[in-house]
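Colleague: below is the sequence, then the predicted model.
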Amino acid sequence: MLILPILLLILALFFLFQFRKKFSVYIYLHFFMVLFFLLGFCYFRYYIKSPSPAETGFTFLQFKVVKWASPFCMVLMGATLAYGYKHFRRGAKIFPTFLVLSILTAVGSNYRVAGHVTGHFLGEVGYTRSAFSGLLHLREMVKDIDPNQVIYLDLGGAHHKLRQMVAYVLRDRKLAGNYSDDGYILGKLPLGQGSIPFSTAQWLIGYTRMKEKQSPQEPRAGNLILKKRPDYLVTLLSVHGGYARETDGDSWWHWTSESLEFEYQVLGPLKNIQLRFLYMPATKDPDLQVIIKSKKESKVDIKMKGGWNEFTTPSIPIEDSRVTIRFVSPAKAIRVSEQDPRLMSFLIKNLELFAASPSG
């Protein structure tokens with residue numbers, strides 16, 4: 001798919017050299033800009049260490065360099081086509097045909113890669129086609145809400161890109177949220193509005209995948225749900241120390257070889273919490289320690305049993321909006337199957353953090 005644009009660029013460079021005395025200085029400026037960006041591309045591809053083992057060089061900066069070079073390449077290729085069309089006997093037939101083929105190739109190439117480029121956003125919104133339709137559906141859902149009422153966007157962390165799109169679609173609404181992790185929006189907000197309190201909102205837009213449990217009374221647009229603001233809100237910010245999240249329907253879990261750490265944000269008047277989770281050890285009857293940390297630290301010791309087991313902690317006081325929950329076991333990590341090369345000590349499944357009951 002790339003062969004025609006590459007051939008056209010090579011042809012442009014050939015004409016520049018062959019007829020170098022007939023082109024204006026502006027064409028040469030474009031040529032040197034392309035050369036400059038080419039050197040930059042090579043630098044970020046071959047001399048900068050990749051932030052990810054799946055990348056060759058720093059791919060994000062490679063993409064940016066190619067994007068910035070595109071207008072200069074188009075000028076060179078356009079000048080080549082125009083020159084050939086005017087000065088060559090068969091140019092009137094050959095060059096328009098070549099231009100049409102290039103356009104068709106570009107359209108076909110974009111059509112082929114569109115699924116890969118937009119697939120993640122489609123998955124985020126929860127639509128199989130036309131993710132923007134989901135955002136328009138969300139706008140339709142909020143149309144009957146009083147414009148003076150505030151809507152809290154519970155879309156931070158992994159969903160902050162989706163939050164940017166929701167904020168754009170609902171830009172005429174009063175939106176609250178914590179934008180401290182968003183370099184694009186934070187810099188455009190008035191001073192002091194980078195984190196608008198949860199307590200100011202009357203409504204909430206949250207994220208719940210289609211296959212996960214949800215109240216039938218809550219309207220949704222794909223994975224986005226609209227509901228009355230709850231008394232408190234618990235949001236999972238990050239998970240560290242274990243293997244990648246695995247899912248089955250509305251269940252999820254993490255295996256680990258040593259420890260797992262979950263970081264939550266708690267908004268609202270929640271002073272005492274309980275944890276509920278399932279665990280499964282890889283070895284026989286190991287110990288498990290649960291460390292809950294806000295301003296102070298609490299510990300719960302568990303003697304794990306074999307197989308699946310549910311555990312609910314007693315009431316635990318919290319004094320901060322950030323709560324870290326760490327699971328640690330001294331058990332030796334082993335392989336649990338011949339097909340899986342990972343070393344595993346235990347897994348934690350469906351961890352819940354909720355308000356403590358009076359008897360908790």
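Modeller: The structure has been received and is ready for your questions. Residues are numbered from 1 along each chain as shown.
Colleague: domain parsing for the chain?
Modeller: Using automatic domain parsing, the domain ranges for the chain come out as 3-120, 131-228, 233-355.
Colleague: tell me the mean pLDDT over the first one?
Modeller: Same thing as domain 3-120. Per-region confidence: domain 3-120 scores 75 on mean pLDDT.
Colleague: export the domains of the chain to a markdown table and tack on mean neighbour count?
Modeller: All C-beta spots, glycine's among them, are computed from the backbone N, C-alpha and C. Below are the domains of the chain laid out as a markdown table (neighbours: other Cβ atoms under 10 Å):
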| stretch | mean neighbour count |
| --- | --- |
| domain 3-120 | 14 |
| domain 131-228 | 16 |
| domain 233-355 | 16 |
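Colleague: please identify which helix or strand holds the nearest residue to Gln62 once chain neighbours are set aside.
Modeller: Leaving aside its chain neighbours, Gln62 sits nearest to Phe44 (5.0 Å; criterion: Cβ to Cβ, 6 or more residues apart in numbering). Taking DSSP states H and E as the criterion, Phe44 maps to helix 25-46.
Colleague: mind listing what the nearest residue to Phe198 once chain neighbours are set aside touches?
Modeller: Take Phe198 and drop its neighbours on the chain: the residue closest to it by Cβ to Cβ, 6+ apart is Leu267, 3.9 Å away. Leu267 makes contact with 198-199, 232-235, 321, according to Cβ atoms under 8 Å, 6 or more residues apart in numbering.
Colleague: can you redo the residues you listed as a markdown table with secondary structure, distance to Lys174 and pLDDT?
Modeller: Below are the contacts of Leu267 laid out as a markdown table (DSSP: H, G, I helix; E, B strand; the rest coil; distance: Cβ to Cβ, whole Å; pLDDT from 0 to 100):
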| residue | secondary structure | distance to Lys174 | pLDDT |
| --- | --- | --- | --- |
| Phe198 | helix | 14 | 84 |
| Ser199 | helix | 14 | 85 |
| Tyr232 | coil | 21 | 87 |
| Leu233 | strand | 18 | 86 |
| Val234 | strand | 24 | 87 |
| Thr235 | strand | 20 | 83 |
| Ser321 | coil | 22 | 84 |
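Colleague: which one of these is nearest Ala69?
Modeller: Thr235 (40.6 Å; Cβ to Cβ).
Colleague: and for Phe346, nearest residue in space, chain neighbours not counted?
Modeller: Nearest to Phe346 is Pro281, by Cβ to Cβ, 6+ apart, at 4.7 Å.
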